[in-house]
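*Asks:* Compute the structure for the input listed below.
(one chain, ligands or ions: 1)
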Amino acid sequence: MARADYTRPDFYARKAKEKGYAARSVFKLEELDQKEKLIRPGARVLDLGAAPGSWMQYTAGRVGPKGLAVGVDLQELGRPLQPNERFLRADVFELSGEDLLARFGNFTVVLSDLAPSTMGDKSTDHFRSMALAERALELCGRVLKPGGDFLVKVFMGADFEAFVREMRRRFRTAKLKKPKSSRAMSREIYILGREFIRSSAGEGTRAPKERNSDG
Ligand code: SAM
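*Replies:* Residues are numbered from 1 along each chain as shown. Predicted coordinates for the structure are as follows:
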C-alpha cells in the first residue's frame, strides 16, 4: 500500500513558504476564519500552542493595530514580534489564567492548536491531545469573555464525544471542522465553540516569563 511521504513538501507547505508563513498550519486557520468570520479587526486573541508561529502571524494581520495576539508555547517562536503580538514561553498546564488576565485582560477569541509530540500509538496520542484540549477549555473559563469563541484541535479517539458534549454545554454552538489542508490521513479535527456561556474552576498558578521582543 502507498504510504504518505511527510518528508516531501506538499502543496500547502510550499504555499506557506512562498507567503512567508512559519508553517502550513496557517491554511487551516485561514480557511476556518474565512468561512466562520472568527477573527475580527480589534479582537484580542489567545493562541495556545503557538510555535512556530504561523497562526500568530495570520492573527496579528487580521486583528490589526487595535487588536492583540498573545501566543503561548513550550518552544520559542524564533522570530521578532510585531507591536500587536506578545509571546509567553510556558507549559499550558503551569500557566495561570489569573496571571494571563492580570497581564492582558480578557480575550474575545481563544485558539488551541496544541498537539503532543506523537508517539505513534493512536490511543496514547489521543489521550495526550485530549488533556491539552481540556486544559485549553479550562483556561477559557478564566480568560474568555462571555460570548467569546474557542477553536480547539483534538486527535479523535475514545474520549472525543464526551469532550464535544462538554463544549456544547459551555458554548451556544459547537461544530466539528476538518479544513481541506488538514491531511486526510490525520486523526486531527477542530471543534469551533461559539458564544461562550460558562466558566470552569481549578488550575495551576505558576507565572511564566513573558516576551514582547525577540530573544
Ligand atoms: N499553530 C501553530 C502554528 O501555526 O505555527 C502550530 C502548533 S503545533 C501543531 C503544536 C504546538 O503545541 C507545538 O509547538 C508544541 O510545542 C505545543 N505544545 C504542546 N504541548 C504544550 C504544552 N503543554 N504547553 C505549551 N505548548 C505545548
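
*Asks:* From now on I want contacts and neighbour counts done on CA atoms only, so please keep to that.
*Replies:* OK.

*Asks:* How about residue 176: which residues does it bridge to?
*Replies:* residue 191 (DSSP bridges).

*Asks:* What of residue 171?
*Replies:* Assigned bridge partners for residue 171, using DSSP bridges, are residue 196.

*Asks:* Any figure for the gap between it and the ligand?
*Replies:* From residue 171 over to the ligand the distance is 22 Å, taken as Cα to the nearest ligand atom, to the nearest Å.

*Asks:* again with residue 175
*Replies:* Taking Cα to the nearest ligand atom, one finds residue 175 at 19 Å from the ligand.

*Asks:* Tell me the pLDDT of that residue.
*Replies:* Looking at residue 175, its pLDDT reads 97.

*Asks:* Then the one 4 residues further on?
*Replies:* The confidence metric pLDDT takes the value 92 at residue 179.

*Asks:* Which residue lies closest in space to it, excluding its sequence neighbours?
*Replies:* Here the nearest residue to residue 179 in space, its sequence neighbours aside, is residue 28; by Cα to Cα, 6 or more residues apart in numbering that works out to 5.4 Å.

*Asks:* so what's that neighbour up against?
*Replies:* 179, 180, 181, 182 (Cα atoms under 8 Å, 6 or more residues apart in numbering).

*Asks:* Which entries within those meet the buried criterion?
*Replies:* For those, a neighbour count by 16 or more other Cα atoms under 10 Å gives the buried set as 179, 181, 182.

*Asks:* Send me stretch 183-197 as PDB with only the CA atoms.
*Replies:* In PDB, the C-alpha atoms belonging to stretch 183-197 read as follows (Å, rounded to 0.1, in the frame of the first residue of the first chain):
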ATOM      1  CA  ARG A 183      -4.200  15.800   5.900                       C
ATOM      2  CA  ALA A 184      -7.000  13.300   5.200                       C
ATOM      3  CA  MET A 185      -5.000  10.500   7.000                       C
ATOM      4  CA  SER A 186      -4.600  12.600  10.100                       C
ATOM      5  CA  ARG A 187      -7.000  12.000  13.100                       C
ATOM      6  CA  GLU A 188      -7.000  15.700  13.900                       C
ATOM      7  CA  ILE A 189     -10.200  17.600  13.900                       C
ATOM      8  CA  TYR A 190     -11.100  21.100  15.100                       C
ATOM      9  CA  ILE A 191     -14.100  22.000  17.300                       C
ATOM     10  CA  LEU A 192     -15.400  25.500  17.000                       C
ATOM     11  CA  GLY A 193     -17.300  26.700  20.000                       C
ATOM     12  CA  ARG A 194     -19.200  30.000  19.600                       C
ATOM     13  CA  GLU A 195     -20.600  32.300  22.200                       C
ATOM     14  CA  PHE A 196     -19.100  31.100  25.500                       C
ATOM     15  CA  ILE A 197     -21.600  30.700  28.200                       C
END
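
*Asks:* quick one, strands of the protein?
*Replies:* For the chain, applying DSSP state E gives strands covering 44-48, 68-73, 85-89, 107-112, 144-155, 171-177, 188-196, 209-211.

*Asks:* and residue 100, what is it in contact with?
*Replies:* Contacts of residue 100 by Cα under 8 Å, 6+ apart are residue 143.

*Asks:* make it 10 Å
*Replies:* 46, 70, 88, 106, 107, 139, 142, 143, 207, 208 (Cα atoms under 10 Å, 6 or more residues apart in numbering).

*Asks:* Kindly report the same for residue 191.
*Replies:* Contacts of residue 191 by Cα under 10 Å, 6+ apart are 112, 133, 150-154, 163-164, 167, 173-178.
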